[in-house]
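Asker: okay, predicted coordinates and the sequence, questions at the end:
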Amino acid sequence: MAGICELLPGFLCKFPAFSDASVRGARKVIDDGFKGLVREYVNLIDAMVQPLQWFLNYLERLFVSSPWPIILIIMVAIVYFGSRNMKITIGTALSMFAIGLLGLWNDTMVTLAMVTVCTMIAIVVGIPIGILMARSDRVQGIINPILDVMQTMPSFVYLIPVVMIFGIGKVPGLIAVVIYAVPPMIRLTNLGIRLVDKEVLEAADAFGSSGWQKLKNVQMPLALPTIMAGINQTIMMSLAMVVVASMVGVGGLGKNVLQAINNQFFTVGFLNGFALVAIAIIFDRTSQAYGKRLQKHSEVIHG
Amino acid sequence: MVSHAIEVRNLYKIFGPRGGDYVDQVKNGLGKAELNEKYGHVLGLRDINISMPAGGIMVVMGLSGSGKSTLIRHINRLIDPTAGEVLYDGVDVCKMNENDLREFRRHKTAMVFQKFALLPHRTVLENTVYGLEIQGVGQEEREKRARQWIARVGLSGFENHYPNQLSGGMQQRVGLARALTNDADILLMDEAYSALDPLIRVDMQTVLLDLQKELKKTVVFITHDLDEALRLGDKIAILRDGMVVQQGTGQEIVLNPADEYITAFVKEVNRGRVVNVETIMAPLSGNPEGMPIAKGTVLEVAARAMTAVNQTLAHVVDETGKPVGAISLSAIISSMVTPTSHEAKAA
């Protein structure tokens, strides 16, 4: 190959990049500009995320400081009434017991609080955006590429601006997790609404439904199975991201995993990993069984 | 509640992004194929003029692609026309603003769909109250009214079933109950019975005819089945390629088909159930002979009555019992079989 290059003009062999100096200059301008912007609005940003901080702290304290039997009973009850499935319920009780015996109870509670808040925020943010996307092709055209970026950008990369804006701590971790976990919520809400049977919508129109009545009576209920799948995905992605978010100061199981990686603590790493897996499976089975139960009407087919 | 007539006037529908630009050309004779080829627009309806009788059943008949489903969707404006008017009680539906249109749909029209279009997550009762719920009627009142109509269409005891648990015929009864519960003047039925088995279809036709006797709504019924059209229609319009080919009573269409297309259609029709005795009766000569038969009786019924008592002659009487004409069994039978002229025409 070198032989060909000798015969050609230089710019065809080595890609003609901007000079190092100009790239460095541009980088500096952008970084400084961003930092300046953040410094200027630091009070406003802090005020905006303050409610999140309170909520997260409150939930975390509640989970950690309540006596463990109460939490366990509440969890098992939620799982039972959500899934109405004895197998899932017993599995939940057993895995929570194992987590407790291994000394991971408090860390698990911290992670649970984090994932709960993240999922709630993702739902509150994701569903309205999904609805907007479903109503307009233009909005869909704008938001879809943004979601693509959010999903493919390595999560470590957007930790950088998040840390620059919000600093180190739980809230930046929370925001990073939400950014990572919200796309499936938005996408599946959009998809669910767009897949609603056109004829049923036409019937709703023919009876004089307003836009809100159509959304409330027809589109949301019929999109619910897809939306439930979105919630399920969001929970799973939050759990996965909690580990990465521990890099910016989120506590719980993720922090233990991070420490295990740094110190090559094989057993600690896997135990914490399995605790995360256990929570993930509990959430997944419960939310899926609940979603299926909501769709009971579609299962009994006239024979 | 008095239902009014629906007047459709000079209605055009051209599908495509710039349909309005081609209306004048279509009015000047641009054809459907040409419009599609040259400009990529589809001619849906062309110069439709129909006056739909108040309190009667108007049947719009045509094969698929004839524009009949497009036409019915103009009456509650699920589809916006490119040009023309749809008048109900002196108001042009096509010119209503969004609010008026919503109120019109809520209170004046109710629709039954070919594929039922029920809400799968709602029970029969919850589906039936849908129209009233949208109007803001209180729960107790709307459920009371809904239960009454569920009973009328023969679904008592199924109130808490989901649509998926019912057969097609039963689902369409729910569709009918949902429309009737609205208590609207206009009942729009878009191929409502086309997806049903023949026997259930006849059954549902009977339900509609029985209800219509007391309700006297303005019904617009879309079908591709001529037998259904003849059985139900006080007036029938036949659509082809977005144009009205012929309109009139069933008898008029069967006896005087406007062109070969309709001739081919009516060839297979059971005339005995369409043609009335007064259409074929001879003038009364001398005293009325044989048994009396009421005006408006169809030939099949008359023939059955005459053969039952073994008579070959009868006379037709009007509402007051006055004899108005004479009729013989052989005349009835020769009118019931398809005349050769029609077969020749169709062939």
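Answerer: It's in.
Asker: what's the local residue count around the nearest residue to A:Arg285 once chain neighbours are set aside?
Answerer: Nearest residue to A:Arg285, sequence neighbours excluded (C-beta to C-beta, 6 or more residues apart in numbering or on different chains): A:Ile88, at 4.8 Å. Where you see a C-beta, it was placed from the backbone N, CA and C, and this is true even at glycine. Residue crowding around A:Ile88 was assessed by other C-beta atoms under 10 Å in any protein chain shown; the count is 21.
Asker: tell me which element A:Ile88 falls in.
Answerer: Using DSSP states H and E, the secondary-structure element containing A:Ile88 is helix A:86-101.
Asker: outside of that helix, which residues touch it?
Answerer: A:68, A:72, A:75-76, A:79-80, A:83, A:105, A:108, A:275, A:278, A:281-282, A:285-286, A:289 (C-beta atoms under 8 Å, 6 or more residues apart in numbering or on different chains).
Asker: against A:Ile45, how distant is the residue nearest the centre of chain A?
Answerer: The residue at the geometric middle of chain A, judged as the C-alpha nearest the mean C-alpha position with C-alpha atoms, centre = their mean, is A:Ala181 (2.0 Å). In this structure, A:Ala181 and A:Ile45 are 21 Å apart, going by C-beta to C-beta, to the nearest Å.
Asker: equivalent analysis for A:Ser83, please.
Answerer: Counting by C-beta to C-beta, the gap from A:Ser83 to A:Ile45 is 40 Å.
Asker: more neighbours, the two?
Answerer: Each of A:Ser83 and A:Ile45 has its neighbours counted (other C-beta under 10 Å); A:Ser83 has more, 22 against 15.
Asker: ok, and for stretch B:102-109, which residues are buried?
Answerer: Using 16 or more other C-beta atoms under 10 Å in any protein chain shown as the burial criterion, the residues of stretch B:102-109 that qualify are B:Arg102, B:Phe104, B:Arg105, B:Arg106, B:Lys108, B:Thr109.
Asker: ok, now which ones touch residue 235?
Answerer: Went with chain A since none was named. By C-beta under 8 Å, 6+ apart, the contact set of A:Ile235 is A:Val115, A:Thr119, A:Ala181, A:Ala280, A:Phe283, A:Asp284, A:Ser287.
Asker: oops, chain B please
Answerer: Under the criterion of C-beta under 8 Å, 6+ apart, the neighbours of B:Lys235 are B:Met52, B:Pro53, B:Gly56, B:Ile57, B:Met58, B:Val59, B:Gln247, B:Gly248, B:Thr249.
Asker: residues of the helix holding A:Ile88 that come out buried?
Answerer: A:Ile88, A:Thr89, A:Gly91, A:Thr92, A:Ala93, A:Ser95, A:Met96, A:Ile99.
Asker: what residue ranges in chain A score low on pLDDT?
Answerer: Within chain A, the ranges that satisfy pLDDT under 70 run A:1-2, A:298-303.
Asker: residues touching stretch B:130-143, excluding its own?
Answerer: Residues from elsewhere that reach stretch B:130-143, judged by C-beta under 8 Å, 6+ apart: A:204, A:207-210, A:213, A:217, B:106-107, B:110, B:119, B:122, B:125, B:129, B:145-146, B:178-179, B:181-182, B:184.
Asker: can you list which of those are found in helices?
Answerer: A:Ala204, A:Gln213, B:Arg106, B:His107, B:Leu125, B:Arg145, B:Ala146, B:Arg178, B:Ala179, B:Thr181 (DSSP state H).
Asker: wait, doesn't the fifth one sit right on B:Pro163?
Answerer: If I follow you right, that is B:Leu125. No. When contacts are counted by C-beta atoms under 8 Å, B:Leu125 is not listed as touching B:Pro163 (11.6 Å).
Asker: give me the more crowded residue out of those two.
Answerer: Just comparing B:Leu125 and B:Pro163: by other C-beta under 10 Å the higher neighbour count belongs to B:Pro163, 22 against 19.
Asker: name the nearest residue to that one, ignoring sequence neighbours.
Answerer: Counting by C-beta to C-beta, 6+ apart, B:Pro163 lies nearest to B:Leu118, which is 4.3 Å off, once chain neighbours are set aside.
Asker: quick check: domain ranges of chain B?
Answerer: Per the record, chain B has its domains at B:54-78+B:97-269, B:272-346, by automatic domain parsing.
Asker: may I see those organised as a markdown table, with mean pLDDT added?
Answerer: Putting the domains of chain B into a markdown table (pLDDT from 0 to 100) gives the following:
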| stretch | mean pLDDT |
| --- | --- |
| domain B:54-78+B:97-269 | 91 |
| domain B:272-346 | 81 |
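Asker: most tightly packed of those domains?
Answerer: Ranked by mean neighbour count under mean count of other C-beta atoms under 10 Å in any protein chain shown, these are led by domain B:54-78+B:97-269, which reaches a mean of 20.
Asker: just the terminal-to-terminal distance for it.
Answerer: The first residue of domain B:54-78+B:97-269 is 27 Å away from its last residue (C-alpha to C-alpha, to the nearest Å).
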